[in-house]
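> Below are the sequence and a predicted model for it; my questions follow.
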Number of protein chains: 2
Amino acid sequence: MREKLEKYFSYVFEKELIDEIVQVGVYKKLRENEILVDLGDKMKGIPLLLEGAIKIVREDKNGEEILLYFLERGDTCASSFASAITNGKCGIRATAEKESEIIFLPKEKLDEWMVKYKSWRTFVIDSYNIRLNEMMETIDSLAFMNMSERLYKYLTDKAQIMRETSLNTTHQDIAYDMHTSRVVISRLLKQLENEGKIKLHRNKIEILEF
Amino acid sequence: MREKLEKYFSYVFEKELIDEIVQVGVYKKLRENEILVDLGDKMKGIPLLLEGAIKIVREDKNGEEILLYFLERGDTCASSFASAITNGKCGIRATAEKESEIIFLPKEKLDEWMVKYKSWRTFVIDSYNIRLNEMMETIDSLAFMNMSERLYKYLTDKAQIMRETSLNTTHQDIAYDMHTSRVVISRLLKQLENEGKIKLHRNKIEILEF
DNA sequence: TAAAATATGTGATTTAAATCACAAAAAAAA
DNA sequence: TTTTTTTTGTGATTTAAATCACATATTTTA
């Protein structure tokens, strides 16, 4: 745990803070598709992502989903922070897109560290800012882009986060994330393939152009 | 200034913090439609809204707009906070929807107060959380609601923020905020009027049902 | 008061996306 | 190997929203 923490956080956190995190943090491995946070959960702490990729989705009353953004290593979940601090419920679902490793930080420390460590304050504020910007990008996509553009952005964004040039996914899964229908996705994917931007396989999409 | 600050913030901030704000804060009155923050601005501080209502919009490369949310008294602008702290550019435009009063807080104090005042930490984190939730609501609207539902939500939300039951606005202005066309808005408004939810006048919409 | 600008109303048409319906290929299970 | 399930492909139709085109109020200003 200390090893990975130092690998990704040594230039973010002071040594003393890393020491504290090692003491109170709880290491956890998530298998692919494991749910880390569900709708309505009350968080007793916040996760620090050491390795892997986490998908954050929003769900409405009818059970329909829309992807908000992905987390990658070095990130934390701003919604969890909110929930932990205010004792409120979490409005999102977080699912591991691949095997991931996290450190769970108990909520009692969150405010204490704000006073003690400049690097922690910076990290928390930066996390919120990054998340606000991601949300704005999501809003931009929904408001200003057509399905084909959104789809291409989805594919390239996800490939980046997953650190792969091919995605192992089905048309139906993409449709769920983008809150549309499988038929629409299949047609647009075929179109992107004809434009030479991607190559389609069963359960797999190769991205040829970024 | 002290008077209004105490009126809305005495139960939010400690007395010592209010004293400091009075010392370093710069009071400013905004007239209707005045631009407080524009795209690409670098913020030298953050505004604290004492009175009035501020509209926050996002703009894409083609100059097309979409409303993100409104601020009301007691609120601050999380994007400005981000911009002030990181010295980065602001990705939004903030416009006074009616005459408003703000206090401008210099960025040098923002981090200092995080260490000194528990109430400031709570205020900052709460502000971010409220904004994240607003953004999620905006995403919900875009992803899950049809135009008619979005329009009705827009009208009732805005009326609430403006503390009025009628809105002085044109169909075109609504269309800009919702990133659609005037014709679409005019038709849907007429439909809402037929359902008895609103009453239409020139330059004015009465909301009959909340 | 006449002309111009602004705001709203409404039919007709187009378009992107959603939906329906079904076929076929590939993989998994029996 | 046969059957079943999962995944993908594609024509046809429907629908919400966008766009075009123009009429008619209402207000402003020349």
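All right, it came through fine.
> alpha carbons only for contacts and neighbour counts from here, please
OK.
> Show me where chain A has its helices.
Here chain A has its helices, by DSSP state H, at A:2-9, A:15-24, A:78-86, A:107-116, A:118-144, A:147-162, A:171-178, A:182-194.
> just the ones you listed: most buried one?
helix A:78-86 (a mean of 23; mean count of other C-alpha atoms under 10 Å in any protein chain shown).
> Which residue ranges make up the domains of chain A?
By the assignment in automatic domain parsing, chain A contains the domains A:2-142, A:145-207.
> As JSON lines, these with distance to DNA strand C and mean pLDDT would be great.
Formatted as JSON lines, the domains of chain A follow (distance: least, C-alpha to the nearest atom of the strand, whole Å; pLDDT from 0 to 100):
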{"stretch": "domain A:2-142", "distance to DNA strand C": "9", "mean pLDDT": "95"}
{"stretch": "domain A:145-207", "distance to DNA strand C": "3", "mean pLDDT": "98"}
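> Which of these sits closest to chain B?
Nearest of the domains of chain A to chain B, taken as C-alpha to the nearest C-alpha: domain A:2-142 at 4.7 Å.
> is that closest one anywhere near DNA strand D?
No - counting by C-alpha under 7 Å from any atom of the strand, DNA strand D has no neighbours in domain A:2-142; the shortest distance is 11.1 Å.
> Including distance to residue B:77, could the domains of chain A go into JSON lines?
Listed next are the domains of chain A as JSON lines, based on distance: least, C-alpha to C-alpha, whole Å:
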{"stretch": "domain A:2-142", "distance to residue B:77": "12"}
{"stretch": "domain A:145-207", "distance to residue B:77": "26"}
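> among the ones you listed, which is nearest residue B:190?
Nearest to residue B:190 among the domains of chain A is domain A:2-142 (26.0 Å), distances taken as C-alpha to C-alpha.
> That closest one near chain B anywhere?
Yes - where contact is defined by C-alpha under 8 Å from any C-alpha of the partner chain, part of domain A:2-142 touches chain B, namely A:58, A:60, A:64, A:66, A:79, A:82, A:114-116, A:125-126, A:128-129, A:132, A:135-136, A:138-140, A:142.
> same question, stretch A:168-179
Yes - shown here: stretch A:168-179 in contact with chain B (C-alpha under 8 Å from any C-alpha) through residue A:179.
> now that stretch, how far from the chain's geometric center?
Here the centre of stretch A:168-179 is set off from its chain's centre by 16 Å, with C-alpha atoms, centre = their mean, to the nearest Å.
> likewise stretch A:78-87?
On C-alpha atoms, centre = their mean, the centre of stretch A:78-87 falls 16 Å from that of its chain.
> Now tell me what touches that stretch from outside.
By C-alpha atoms under 8 Å, 6 or more residues apart in numbering or on different chains, the surrounding residues in contact with stretch A:78-87 are A:42-47, A:88-92, A:107, A:110, A:127-128, A:131, B:125-126, B:129, B:132.
> rerun that using 7 Å as the cut-off
With contact meaning C-alpha atoms under 7 Å, 6 or more residues apart in numbering or on different chains, stretch A:78-87 is reached by A:42, A:43, A:44, A:45, A:46, A:89, A:90, A:107, A:127, A:128, A:131, B:129.
> Go through the residues you listed and say which is closest to DNA strand D.
Of all those, DNA strand D sits closest to residue A:131, with 26.7 Å by C-alpha to the nearest atom of the strand.
> From residue A:94, how far off is the closest residue to residue A:138 other than its chain neighbours?
Excluding the flanking residues, the one nearest residue A:138 by C-alpha to C-alpha, 6 or more residues apart in numbering or on different chains is residue A:68, at 6.5 Å. Going from residue A:68 to residue A:94 by C-alpha to C-alpha, to the nearest Å gives 10 Å.
> thinking again about what came up before, take the helices of chain A and lay them out in JSON lines including distance to residue A:201.
Shown next, in JSON lines, are the helices of chain A (distance: least, C-alpha to C-alpha, whole Å):
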{"stretch": "helix A:2-9", "distance to residue A:201": "35"}
{"stretch": "helix A:15-24", "distance to residue A:201": "43"}
{"stretch": "helix A:78-86", "distance to residue A:201": "36"}
{"stretch": "helix A:107-116", "distance to residue A:201": "45"}
{"stretch": "helix A:118-144", "distance to residue A:201": "26"}
{"stretch": "helix A:147-162", "distance to residue A:201": "14"}
{"stretch": "helix A:171-178", "distance to residue A:201": "11"}
{"stretch": "helix A:182-194", "distance to residue A:201": "11"}
